[in-house]
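Student: Sequence and computational prediction follow.
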Amino acid sequence: MIPEEIINLNREYTMFSWSVQSAVEPIAVVGGEGVTFWDADGKRYLDFSSQLVNLNLGHQHPAVVGAIQEQAGKLCFSQPGFATEARGLLGKLLAEVMPGDMKKSFFCLGGAEANENAIKIARTTTGRSKLLARYRSYHGATHGAIALTGDPRRLAAEPTMPGVVHVFDPYCYRCPFGWTRETCHRECVTHIEEVIRYEGPDRIAAIFMEGVTGSNGLLVPPDDYWPRVRAICDKYDILLVADEVMSGFGRTGKWFAVDHWDVVPDILTMAKGLTSGYVPLAAVGISEPIAAFYEDRMFSCGLTYSSHTLGCAAGVAAVRATREEGLIENAARLGRVLGERLEELKARHRSVGDVRYLGLFSAIELVKDRTTKEPLAAAGLSKALRERGLSTLLLANFVTVSPPLTISESELDDGLRIIDEVLDSADDLCDPGGR
Ligand SMILES: Cc1ncc(COP(=O)(O)O)c(C=O)c1O
């Protein structure tokens with residue numbers, strides 16, 4: 001098919017997520033390899049967002065493709081009440097890479113489902129119903145996960161599941177409490193404890209937080225943030241849930257973002273990089289005490305596709321490849337290079353208000369004026385980036401720079417050069433009198 005036929009079929013018969021349907025301009029993608037993919041015309045794109053920050057291994061990693069083919073040839077599916085080799089092996093691999101005493105996992109299909117099940121687990125094991133989450137967060141589009149979500153994607157689903165209370169974020173560039181980096185005294189942390197006291201500590205089951213906030217602007221918290229939230233949870237017997245759906249599996253230069261701060265959550269939700277997106281699979285990792293709770297009680301979670309055999313086989317291959325090919329080390333090393341390059345872009349372009357990065361997880365925040373920090377919509381850069389052969393996620397006023405962990409330094413530089421060029425035109429959109 002020619003690209004127009006593919007696009008017309010897709011637009012006529014299918015719905016596109018989070019979009020005004022008449023406004024979508026999809027690429028008719030037909031193939032990919034490593035950090036590039038191409039459309040039906042053969043135009044190649046450097047993938048600077050790893051699709052939806054899930055293709056950590058890049059496109060068509062041979063080990064994962066081979067594992068899926070091999071599993072499909074033997075057994076595509078067995079029901080979740082049965083045991084399979086792939087499921088057992090993946091569970092063991094995750095126990096090896098999850099922090100602290102986390103050993104058991106429950107497998108489901110996507111990030112939202114992982115958070116839905118985490119909600120049930122937190123409520124069941126604590127006997128409490130309230131949940132805390134942050135405003136600048138995304139936890140998935142299903143009913144409970146969208147209730148946890150603090151960003152405006154929640155609004156269309158309201159009224160959502162009751163019992164969720166939102167708190168403010170460690171968004172240092174735009175501190176919700178009005179402090180600067182110099183005057184900061186972590187009101188974003190003390191505020192959480194104050195909210196807990198007002199809401200009744202003995203009614204709160206869990207706090208949900210992204211390891212590093214992804215789609216709401218790549219917010220890397222100060223180093224003491226996670227440890228202090230962990231201490232508050234311990235003080236009030238509240239469970240700490242790390243949503244590592246986007247920040248997990250090496251994205252930040254460690255297996256999980258919480259590893260940067262040596263924090264062990266009680267529940268860890270994972271998806272995306274777990275299989276590098278090749279087959280839908282997600283997991284809820286649980287601590288030993290939570291696992292023990294269900295030894296003689298019903299675990300009331302289940303799905304036809306829980307522990308899907310093909311997904312687990314893909315997961316085994318993806319986790320092994322991440323480990324054996326040193327991709328986490330690559331993300332950490334190139335993350336440092338990326339950080340330097342982003343700071344250079346910030347120094348060069350007045351449309352860049354801030355750059356935030358950890359490993360190969362980063363974003364450029366665009367502003368019309370560095371003094372007022374008025375946001376500059378990133379969508380305006382889409383055409384120019386695509387024309388130059390770079391694909392990335394442009395959300396609100398953020399340009400995502402989160403390429404596959406397999407990227408080389410020269411490929412990283414190629415992409416950043418394109419962004420540099422396109423930022424010249426963003427500079428032209430800045431307020432004439434601004435700085
Ligand atoms: C942090 C986080 N949690 C949960 C989700 C939801 O995952 P899914 O889209 O697989 O349901 C996402 C999706 O981007 C995410 O970034």
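Tutor: In hand now; what should we look at?
Student: Test my guess that residue 11 contacts residue 24.
Tutor: Yes. When contacts are counted by C-beta atoms under 8 Å, residue 11 is listed as touching residue 24 (6.8 Å). In short, each C-beta sits where N, CA and C put it, glycine included.
Student: What residue in this protein comes nearest to the ligand?
Tutor: Proximity to the ligand, evaluated over the chain using C-beta to the nearest ligand atom, is greatest for residue 111 at 2.2 Å.
Student: Quick check: that residue touching residue 273?
Tutor: No. In this structure, residue 111 is not within contact of residue 273 by C-beta under 8 Å, at 10.7 Å.
Student: does residue 299 sit in a helix or strand, and which one?
Tutor: In the assignment (DSSP states H and E), residue 299 maps to no helix and no strand.
Student: What is the burial count for the residue of the chain closest to the ligand?
Tutor: Burial of residue 111 is recorded as 28 neighbouring residues (other C-beta atoms under 10 Å).
Student: chain center to the helix ranked longest in the chain: distance?
Tutor: Assignment by DSSP state H gives helix 327-348 as the longest helix of the chain. Centre-to-centre, helix 327-348 and its host chain are 19 Å apart (C-alpha atoms, centre = their mean, to the nearest Å).
Student: Can you mark which positions in that helix are buried?
Tutor: In terms of neighbour count (16 or more other C-beta atoms under 10 Å), helix 327-348 has its buried residues at 327-328, 330-332, 334-335, 338-339, 341-342, 345-346.
Student: mind putting the residues you listed in TSV, pLDDT included?
Tutor: TSV is the format used below for the buried residues of helix 327-348 (pLDDT from 0 to 100):
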residue	pLDDT
327	98
328	98
330	98
331	98
332	98
334	98
335	98
338	98
339	98
341	98
342	98
345	98
346	98
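Student: check these against the ligand, which are close?
Tutor: Among the buried residues of helix 327-348, not one lies near the ligand by C-beta under 6 Å from any ligand atom.
Student: Nearest to residue 52 among these?
Tutor: Checking these against residue 52 by C-beta to C-beta gives residue 331 as the nearest, at 17.4 Å.
Student: can you pull the contacts of that closest one?
Tutor: Each residue near residue 331 by C-beta atoms under 8 Å, 6 or more residues apart in numbering is listed here: 250, 251, 252, 253, 359, 360, 405.
Student: Likewise for residue 8?
Tutor: Not one residue lies near residue 8 by C-beta under 8 Å, 6+ apart.
Student: Next: residue 65.
Tutor: residue 278.
Student: you'd agree it is in a helix?
Tutor: Yes. Under DSSP: H, G, I helix; E, B strand; the rest coil, residue 65 falls within a helix.
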